[in-house]
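**Student:** any chance you can model this:
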Amino acid sequence: MIYYIINNDFHIENVQNHISLSNELDFTIIRIPYSLNSDCKSFAENIITIETPFLERKKFWNPKFFYAAKARIDKIPFKEEDLIIFLTEYDPLNQYIVYKSKEKGATIHLLEEGISFYAIYLHDNKLTRNYKYLIKLFYLRYLIGFHFFKYVAVGNMNFPQIKDKYIDKILLYFNVEVSRNTNVEIISNNAIGYADLKKDTAAFLSQPLYESYMSLSSYIKHVSYQLDKIINNYSRVYFKFHPRESDAFKNLIKLRFFDK
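**Tutor:** Below you'll find the model as predicted:
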């Protein structure tokens, strides 16, 4: 059995791509929702949904929610011949599934989820020294029991990462340097790219920098300045929202620019 762990709607395209390339019909989707609106019933019959406490502060600091989630994962009948494919190390439940299945001898693959994957997950990042994250790390490791979990520093930010020994292979679409102690395989990508963009057409790829680097009002100001210049120089503009963009931000952009 192949188990795919997905957290966001944009994971679905990568998973469907992998399913089509492998021609695998016997698979189970494990949903641990973040921005995941799809119920996955359009392409999967076997679906397990587990709510994560990692997203809400009150639930995060209440161990009973983690214990309940762990109990649900413990009931999944992982076997030695299973393959577990996950797309992000960000959620501790993703890591716990990897840990529990690895205990049973399953094979673990980490599949690229997007461009940010190359900046965060391919390097042997150093453990964080941020005391706030060290407190969270102590809580998750010694109270919740996630001893496989660590927080690493990537620039000025901190991200969860699992110990390399639990990953058998990282699956990438591009051949780049990887410093983590695991195997790497370059796989095909059958996604269809843009083929008809003209010289009078521009594509703007949005990024929610207001989550970490600046205020929302400041981000809107900078985006507005750039879009005004782009709109004046191109007859058609495509605005691509990031998967994490909020409805509030989308509405602001629509009100400000879509009439143009």
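**Student:** so which bits of stretch 249-260 are buried?
**Tutor:** 249, 252-253, 257 (16 or more other CB atoms under 10 Å). C-beta here means a position set from N, CA and C on the backbone, and glycine is covered the same way.
**Student:** just those residues: which are in strands?
**Tutor:** With strands taken from DSSP state E, there is no overlap with these.
**Student:** verify the stated contact: F257 with Q226.
**Tutor:** No - assessed by CB atoms under 8 Å, F257 is found out of contact with Q226, at 10.9 Å.
**Student:** in a markdown table, list the buried residues of stretch 249-260 along with distance to Y238 and pLDDT.
**Tutor:** Converted to a markdown table, the buried residues of stretch 249-260 look like this (distance: CB to CB, whole Å; pLDDT from 0 to 100):
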| residue | distance to Y238 | pLDDT |
| --- | --- | --- |
| F249 | 17 | 82 |
| L252 | 18 | 84 |
| I253 | 12 | 84 |
| F257 | 12 | 79 |
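**Student:** now, those that are in helices?
**Tutor:** 249, 252-253, 257 (DSSP state H).
**Student:** excluding covalently adjacent residues, which one is nearest to G105?
**Tutor:** E80 (3.5 Å; CB to CB, 6 or more residues apart in numbering).
**Student:** how close does the one you found sit to A69?
**Tutor:** 24 Å (CB to CB, to the nearest Å).
**Student:** which stretches of the stretch 101-250 of the chain have low pLDDT?
**Tutor:** 190-194 (pLDDT under 70).
**Student:** tally of neighbours for the nearest residue to R236 once chain neighbours are set aside?
**Tutor:** Leaving aside its chain neighbours, R236 sits nearest to T201 (4.7 Å; criterion: CB to CB, 6+ apart). For T201, the neighbour count with other CB atoms under 10 Å is 13.
**Student:** T201 against Y234, yeah?
**Tutor:** Yes - here T201 reaches Y234: they are 6.1 Å apart, a contact under CB under 8 Å.
**Student:** before we move on, which element is Q16 in?
**Tutor:** Per DSSP states H and E: Q16 is located in helix 9-22.
**Student:** same question, K150
**Tutor:** strand 149-154.
**Student:** list of residues touching the very next helix or strand once past that strand?
**Tutor:** Going down the chain from strand 149-154, the next helix or strand is strand 157-162, by DSSP H and E. Outside strand 157-162, the residues that touch it by CB atoms under 8 Å, 6 or more residues apart in numbering are 89-92, 95, 98-99, 120-121, 125, 128, 130, 133, 148-152, 212.
**Student:** what does stretch 87-98 give?
**Tutor:** So stretch 87-98 is in contact with 3, 5-7, 11, 14-15, 30, 32, 34, 50, 52, 54, 66, 69-70, 73, 76, 84, 86, 108, 110-113, 117, 121, 140, 144, 146, 148-149, 159-162, 166-167, going by CB under 8 Å, 6+ apart.
**Student:** what about those, which are in helices?
**Tutor:** Counting by DSSP H, the contacts of stretch 87-98 contribute 11, 14-15, 66, 69-70, 73, 117 to helices.
**Student:** looking at those, which one is closest to C40?
**Tutor:** Using CB to CB, the shortest approach to C40 within the ones in helices among the contacts of stretch 87-98 belongs to V15, at 8.8 Å.
**Student:** return the residues in contact with that closest one.
**Tutor:** Here V15 is in contact with 4, 6, 29, 85, 87, 111 (CB under 8 Å, 6+ apart).
**Student:** ok, those residues vs K240, which is closest?
**Tutor:** L87 (19.7 Å).
**Student:** ok, that closest one - how many residues close by?
**Tutor:** 25.
**Student:** for it, give its distance to F10.
**Tutor:** Applying CB to CB to L87 and F10 gives a distance of 9 Å.
**Student:** overlap in contacts, these two.
**Tutor:** With CB under 8 Å, 6+ apart as the test, L87 and F10 both reach E113.
**Student:** what is the mean pLDDT for stretch 18-38?
**Tutor:** Mean per-residue pLDDT for stretch 18-38: 88.
**Student:** for that stretch, which outside residues touch it?
**Tutor:** 1-9, 11-12, 15, 39-40, 43-44, 46-52, 55, 76, 85, 91, 93-94, 97, 111, 171, 187-188, 190, 243-244.
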